[in-house]
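*Asks:* fold the following and give me the result.
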Amino acid sequence: MQFRQQALSKLQSPEELDLPVRFARPQGWLVLIVTVLVMAGAAVWAFAGTVSSTLGAPAILTHGQGSYILQSPVAGQVTAVLAEEGKQVAAEAPVVKVRTAQGTTTVVRAIAAGRLTTLSATIGSVVTTGADLASVEKTAGAGDRLTATLYVPAESAATLPLGAAVDLSVQSAPTQQYGVLRGKITAIGRNTQTRQRISAFLGSDQLGQQFSQHGQPVAVLVTLDTAHTASGYAWSTSDGPPFALDSMTQATGAVHLAAQHPIDWLLP
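*Replies:* Here you go, the predicted structure:
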């Protein structure tokens, strides 16, 4: 009987025009408004927003003129070391004396002025012909400015623009405490660097192997921004480290690439 009454009521008002229509509950309206706002913000960002990206690469601080390795021209025993590691040496300055088995003494001299970065020879050590005795970084003087060399994968070098900003995390200056070193790209190599060329430029076979272990990179020169700080260079913090930076210090570079729109629109 109950179902009969409901059926008759339905026939009398099949469209239920006398009842108010509820399109959405208040919770539904809230969800709809939030969704519309998010979609509108995303559309604006897609047209006007930009996305910045960085490219990381290993780096090393040098004076930019390269290094060379002093090798023993004879076999014999080192009888004297006439230079000190870390100090400047003049061109033709004596560095090591080697006495041969015949009793003659050969003086090994610096080829060009620079800083003695590595001294392998020690008094009493026996060396063979061609053995490495020292590495010298070529400099004009102690006041030469440092530069940074990035070793960028060859496939990524073409994306780097001249003048791009570079942040350098220096091993000897913890980033959490002193921030990053600032610089800009001023030159990009045209050819890839072999392990031998890197070793010759840095005066170290170990560094040559390290920077080429993932393939032959491209050398990118970064000029450091100067500032009135203890190091003489600009940092992301106001002062940077309270000490001077040494050449041959390794770092990690982050190149800031040009900002791009997140979506490229194709219009007819």
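
*Asks:* and stretch 179-194, which residues are buried?
*Replies:* For stretch 179-194, a neighbour-count test (16 or more other Cβ atoms under 10 Å) marks 179, 180, 181, 182, 183, 184, 185, 188, 189, 192, 193 as buried. Placement of C-beta: from N, CA and C, glycine included.

*Asks:* same deal with stretch 66-83?
*Replies:* In stretch 66-83, counting by 16+ other Cβ under 10 Å, buried: 67, 68, 69, 70, 72, 74, 76, 78, 81, 83.

*Asks:* who's in contact with residue 83?
*Replies:* 89, 93, 94, 95, 96, 110, 116, 119, 134 (Cβ atoms under 8 Å, 6 or more residues apart in numbering).

*Asks:* mind checking the SS state of the last one?
*Replies:* In terms of secondary structure, residue 134 is strand; the call rests on DSSP: H, G, I helix; E, B strand; the rest coil.

*Asks:* and the pLDDT at it?
*Replies:* At residue 134, the model reports a pLDDT of 92.

*Asks:* can you tell me how far it is from residue 215?
*Replies:* Note on residue 134: its distance to residue 215, by Cβ to Cβ, to the nearest Å, is 30 Å.

*Asks:* tell me where the stretch 51-200 of the chain has helices.
*Replies:* Using DSSP state H, counting those that start in this stretch, the helices of the stretch 51-200 of the chain run over 154-157, 175-178, 195-202.

*Asks:* what helices and strands are in contact with the helix or strand that comes right after the longest one?
*Replies:* Proceeding N to C from helix 195-202, the next assigned helix or strand is helix 205-211, under DSSP states H and E. Helix 205-211 is packed against strand 54-62, helix 195-202, with contacts defined by 3 or more Cβ pairs under 8 Å, 6 or more residues apart in numbering; DSSP states H and E.

*Asks:* chain center to helix 205-211, what's the gap?
*Replies:* 16 Å (Cα atoms, centre = their mean, to the nearest Å).

*Asks:* residues contacting that helix, please?
*Replies:* Helix 205-211 is contacted by residues 58, 60, 151, 193, 195, 196, 197, 198, 199, 200, 202, 217 when judged by Cβ under 8 Å, 6+ apart.

*Asks:* residues contacting the fourth one?
*Replies:* Put plainly, it is residue 193. Neighbouring residues of residue 193 by Cβ under 8 Å, 6+ apart: 151, 201, 211, 212, 216, 217, 218, 219.

*Asks:* hmm, the first one is touching residue 57, no?
*Replies:* Right, the one you point to is residue 151. Yes. Using Cβ atoms under 8 Å, residue 151 makes contact with residue 57 at a distance of 6.1 Å.

*Asks:* overlap in contacts, those two.
*Replies:* Here residue 151 and residue 57 share the contacting residues 217, 220, scored by Cβ under 8 Å, 6+ apart.

*Asks:* Three-state assignment for residue 237, please.
*Replies:* coil.

*Asks:* state the number of residues packed around it.
*Replies:* By other Cβ atoms under 10 Å, 14 other residues sit near residue 237.

*Asks:* phi first, then psi, for it.
*Replies:* Backbone torsions of residue 237, given as degrees, to the nearest 10, read phi -90, psi 170.

*Asks:* ok now do the nearest residue to it once chain neighbours are set aside, which residues does it touch?
*Replies:* For residue 237, ignoring the flanking residues on the chain, the nearest one in space by Cβ to Cβ, 6 or more residues apart in numbering is residue 179 at 3.7 Å. With contacts defined as Cβ under 8 Å, 6+ apart, residue 179 is in contact with 235, 236, 237, 240.
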